[in-house]
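Novice: The following comprises the amino acid sequence and a computationally predicted model.
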Amino acid sequence: MARYRKLLRKDALLVFLVLLVAGLLVERFGGDATLLRWLGAPPPLLQAEYAPAAAADGLPAEVAHTAPLQQQVDIAAIPAAGKPVRFFMQNVQNYFVEGETQRSRYVLKPKSRESRDAVVELIAHAAPQIVGLIEVGGPVALQDLRQRLAARGLEYPYFRVLPRQGEDRALALLSVHPIVQDHSQEQVKLHQQKRRKMLRGILDVTVRLNDGRLFRIIGAHLKSRVADNAGAASALRKQEAYTLAQHIRHIASTQKGLPLLVFGDWNDGPADAAPQILMQGLSADAALRRLSPRDSRGEEWTFYFKRGKEYCIYDQIFVNSALRARMRGQGGIIDIPASAKASDHRALWCDLR
C-alpha cells in the first residue's frame, strides 16, 4: 500500500511538471497556433481580451502648445482631400544625447554631432510637416533634434515622445500642426500574455490641419532580428504585430472613415508574418495597404542587413482605405549623400491629402 501511494505521488508530480512546462511554453510563444495544436489547446480568440487605454483628461507635458484633447472626432465633418501634407519617417539609429535619463542597464553612446546633423539634413531635404521617428533616446534627444531643425528654419511646435522604462529607444512624432488627440500607450500587454508587453509601446496621435482635416498616425518598432534565438524573436514580432492589429481594429470600429497612417520599423519584409498581419487586418475595415516608395534608382530597400548580406525592406508605411483613396503616388526614399551618415536605415516620405 505504501509503495502504491509512493507511485501515485510520483505520477502526480510528473503530471504537474508536464502541465507546468506546457503552460510556460504557451506563455513563451504567445498562442502560436502550431504549438497550441500540439498541446491540444483551443485556438486563440480574436481580440476578446483587448481593452484600449482610456483617454486622458489632458495631453502629456511633452506635447507642446497643443489644443485641448478632444474626446470625440466628427469624421463626417472632415474636409475632402486638399493640399498635400508631407509625412517623413526614419529609424534614426540610436539618437542618444548627453543628459538623457537612462532607462536600461546598457551604457549608451551619444550619437555623433555629424550624424545628428545628417538627420537634420534629410528632414530639411524632404521639408515635411509631420515627422515620425524611431530610436530616439527620449525627451532630451528629441529636444536636441528640434533645436537643430529650428536652426535650419524648421519649426515643429507640436510633438510627442514615448519613452518606456527598460527600453532606451523611443518612438516620437514632430508636427507643424496641432496634436488634438493622444492615445499613445507605453505599457501594451501582448496578446495572450500575462506579463510580457510590447517592447516600445504604441505611438498614437491625431493631427489636425488648419482646414479641419484630421490624420490619425500610429508608430511602432517591433523586436529586432539581433537575438540569440531567431525563431523566438520572429514569434515575438508576430505577437507584437497581432497586438497592434487589435489596436487598429478598435480604431476602425470606433472611428470608421478616419484617415489612418501606420509607420514603423517592422524588422520584417513585406512578405513576412508581421506586415502580413497588418495588411490582412483582424476585420475587413481594419486591413491596411502598404505603400511602395522607391529611391532615385527605383529601388525599395531601406536597410542593409550585414549579417545576412541582404538588402531589406524593414521600414514601411501602411494606410487605411480612407487615406489611400485621398492619396496620389507611393511617396519616395531619400538617398542623398547624408543618408549614409544619418542612420543605417533610409528615410521614407509620402504625401497625405
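Specialist: Perfect, thanks for sending it. Residues are numbered from 1 along each chain as shown.
Novice: roughly how far apart are the residue nearest in space to the middle of the chain and residue 116?
Specialist: Nearest to the geometric centre of the chain sits residue 220, at 0.5 Å (C-alpha atoms, centre = their mean). Relative to residue 116, residue 220 is positioned 24 Å away (C-beta to C-beta, to the nearest Å). For the C-beta atoms, the positions are set from N, CA and C on the backbone; glycine is no exception.
Novice: same deal with residue 98?
Specialist: Going from residue 98 to residue 116 by C-beta to C-beta gives 12 Å.
Novice: Compare neighbour counts for these two and give me the winner.
Specialist: residue 116 (21 against 10; other C-beta atoms under 10 Å).
Novice: wait, that one sits on residue 146?
Specialist: No. The pair residue 116 and residue 146 fails to qualify as a contact (C-beta atoms under 8 Å) at a distance of 11.6 Å.
Novice: helices or strands up against the helix or strand that contains residue 253?
Specialist: For residue 253, the host element (DSSP states H and E) is helix 230-254. Here helix 230-254 touches helix 2-29, strand 214-221, strand 260-265, helix 273-280, going by 3 or more C-beta pairs under 8 Å, 6 or more residues apart in numbering; DSSP states H and E.
Novice: by how many degrees do it and strand 260-265 diverge?
Specialist: Taking axes from the mean of the first three to the mean of the last three C-alpha atoms, to 10 degrees, helix 230-254 and strand 260-265 form an angle of 170 degrees between their directions.
Novice: What average pLDDT does helix 230-254 get?
Specialist: Averaged across helix 230-254, pLDDT comes to 93.
Novice: if we can go back for a sec, what's near enough to touch the residue lying closest to the residue nearest to the centre of the chain once chain neighbours are set aside?
Specialist: On the basis of C-beta to C-beta, 6 or more residues apart in numbering, the spatially nearest residue to residue 220 that is not a chain neighbour turns out to be residue 264, at 4.0 Å. If you count contacts by C-beta atoms under 8 Å, 6 or more residues apart in numbering, residue 264 has them with 134, 219-222, 315-316.
Novice: Any idea which helix or strand in this protein has the lowest mean pLDDT?
Specialist: For the chain, counting by mean pLDDT, DSSP states H and E, helix 33-39 ranks last in confidence among helices and strands (a mean of 29).
Novice: for the following helix or strand past it, packing partners?
Specialist: Past helix 33-39, further along toward the C-terminus, the next helix or strand under DSSP H and E is strand 85-95. Secondary-structure packing of strand 85-95 (3+ C-beta pairs under 8 Å, 6+ apart): helix 113-126, strand 130-136, helix 139-151, strand 214-221, strand 260-265, strand 315-319, helix 338-342, strand 347-352.
Novice: Nearest to residue 297, out of the ones you listed?
Specialist: Ranking the helices and strands packed on strand 85-95 by proximity to residue 297 (C-beta to C-beta) places helix 338-342 first, at 12.7 Å.
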